[in-house]
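Colleague: Pasted the sequence and its predicted model underneath.
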Amino acid sequence: MTSRETGPVPDRPRQPWASPLLGRSGAVAGTGAAQGVAWHYGDPVAEQRALVAGAGVVDLSYLGVVAVTGADRLSWLHTLTSQRLADLAPRTSTETLVLSPHGHIEHAAGVVDDGATTWLLTATPDGLAAWLGTMRFALRVEVADVTDAWAVLGEARRGEGEPGGDVVWCDPWPSTAPGGTRYGPPDDEHPGADRAWRLVLVPRADLAARVAAREGAGMRLAGTWASEALRVAAWRPDAAHEVDHRTIPHELDWLRTAVHLTKGCYRGQETVARVHNVGRPPRRLTMLHLDGSEHLLPAAGAAVSDGSGTQVGVLTSAALHHELGPVGLALLRRATPVDAALLVDGEQGPVAAAQEVVVPLEGHSVDRPAPRGPLTLGLARKRGPAGPSSSRTP
């Protein structure tokens, strides 16, 4: 069931989902990863402002939910994924990655445990549940894709769930978790620091009623246009957009919240450790400020080229922000100069773009081990043809 070197494992086809909220007046349906829910409800700028003010709710019922039960669930997930989960306290949110043997991201999931069940919120529920099912062996765990029973609502607020209440996953981004590290700015200087965001699980049959109750309390229903614009402005990677068949977490600054560097062995750990120690991940995430004169956003997946016409990367997300204007996230070759004049392929021709650095060009995390000194390097080179270092440059 797993494609070990082709990126996130595609889900098996499931019955197409159409949210009952798409029947609202003014609702415009989303496409791509957000198919089945509303892109906006007629006024995306006002919807964004409601989210910024902490008074918005977003229908994210296209997302998947995997439930893991059994006495061994946390210690088992700890051994399989990138995050420290063995001692995860109830109603404490974190996130984790499933990596290929070569360290490429296959699945990403928000993780929260309610004391009896570990809930995994993911863009690839079928693939994740299927892979976990093959890894059960004789352990006391059960895995189920429960997407058909549970829907996800996004709220622009902070706060973990309460005992006996709804299951809540509070987005940890961009706070560097214990055992994590960062490539980008300090937590309190990060543009995502002001973005409050959490996901709430509700019975799928009660989705419309739960939203109506929030509207009755003064919240505004917003579409994914609004939530995506704020995500892009916060430099927040999303597996449905920023991950392809060769993405490693360092390229996205995802060691902040999704990887524990000292927790012990898991699949893909060797690549994580090597790139962390040596530095220079092959690519780097950057935020693009796009020329808005054409009034059309380039599509995700569009090629990004430098002034010579050479492709240096790909646009992974694009959005129209209510204050910043047209913005996007892109994965570029690491060595692409930060001041390079970039062009993004657009429907009406190339769109000019300027970079705002997310992962620095040198590709070094803030706690990267110091490189070996000149004496060590000299000794290694002098060992000659018979020495173990002669086959490659140290």
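Modeller: Received it, and whenever you're ready, just let me know what you need. Numbers count the residues shown, from 1 in each chain.

Colleague: Who are the contact partners of Pro44?
Modeller: Counting by CB atoms under 8 Å, 6 or more residues apart in numbering, Pro44 makes contact with 222-223, 225-226, 229, 320, 322. Using the backbone N, CA and C atoms, a C-beta is placed for each residue, glycine as well.

Colleague: what does Val167 give?
Modeller: Val167 touches 112, 114, 119, 161, 200-201, counting by CB under 8 Å, 6+ apart.

Colleague: Kindly recompute the last result at 7 Å.
Modeller: By CB atoms under 7 Å, 6 or more residues apart in numbering, the contact list for Val167 reads 112, 114, 119, 161, 201.

Colleague: now swap in Ala38 and tell me
Modeller: Per CB under 7 Å, 6+ apart, neighbours of Ala38: 21-22, 27-30, 59, 223.

Colleague: The chain: helices as residue ranges?
Modeller: 44-52, 73-80, 125-134, 207-216, 224-233, 239-242, 269-278, 374-381 (DSSP state H).

Colleague: And those helices: which comes nearest His104?
Modeller: helix 269-278 (8.0 Å; CB to CB).

Colleague: buried stuff in that closest one?
Modeller: 269, 271-272, 275-276 (16 or more other CB atoms under 10 Å).

Colleague: How far off centre is it?
Modeller: A distance of 20 Å separates the centroid of the chain from that of helix 269-278, by CA atoms, centre = their mean, to the nearest Å.

Colleague: cool, and stretch 90-106?
Modeller: The answer for stretch 90-106 is 10 Å, by CA atoms, centre = their mean.

Colleague: Compute the first-to-last residue distance for it.
Modeller: Chord length of stretch 90-106, first to last residue, is 26 Å (CA to CA, to the nearest Å).

Colleague: For it, the averaged confidence score.
Modeller: For stretch 90-106, mean pLDDT is 98.

Colleague: In contact with the residue nearest the centre of the chain, which residues?
Modeller: When CA atoms, centre = their mean is applied to the chain, the residue found nearest the centroid is Asp238 (2.8 Å). For Asp238, the contacting residues are Arg231, by CB under 7 Å, 6+ apart.

Colleague: Quickly note the distance from it to Arg140.
Modeller: 33 Å (CB to CB, to the nearest Å).

Colleague: Likewise for Gly32?
Modeller: Counting by CB to CB, the gap from Gly32 to Arg140 is 38 Å.

Colleague: ok, now Ser365?
Modeller: For Ser365 relative to Arg140 (CB to CB), the value is 37 Å.

Colleague: ok, these two, which is more surrounded?
Modeller: The residue with more neighbours, out of Ser365 and Arg140, is Ser365; 23 against 12, by other CB atoms under 10 Å.

Colleague: mind listing what that one touches?
Modeller: Neighbours of Ser365 in contact, by CB under 7 Å, 6+ apart: 181-183, 255, 276.

Colleague: 10 Å instead?
Modeller: Counting by CB atoms under 10 Å, 6 or more residues apart in numbering, Ser365 makes contact with 180-184, 250, 253, 255-256, 261, 275-277, 279, 281, 359.

Colleague: follow-up on the earlier one: just curious, which of the contacts of Ala38 is nearest to Gly301?
Modeller: Looking across the contacts of Ala38 and measuring by CB to CB, the closest to Gly301 is Gly30, at 16.1 Å.
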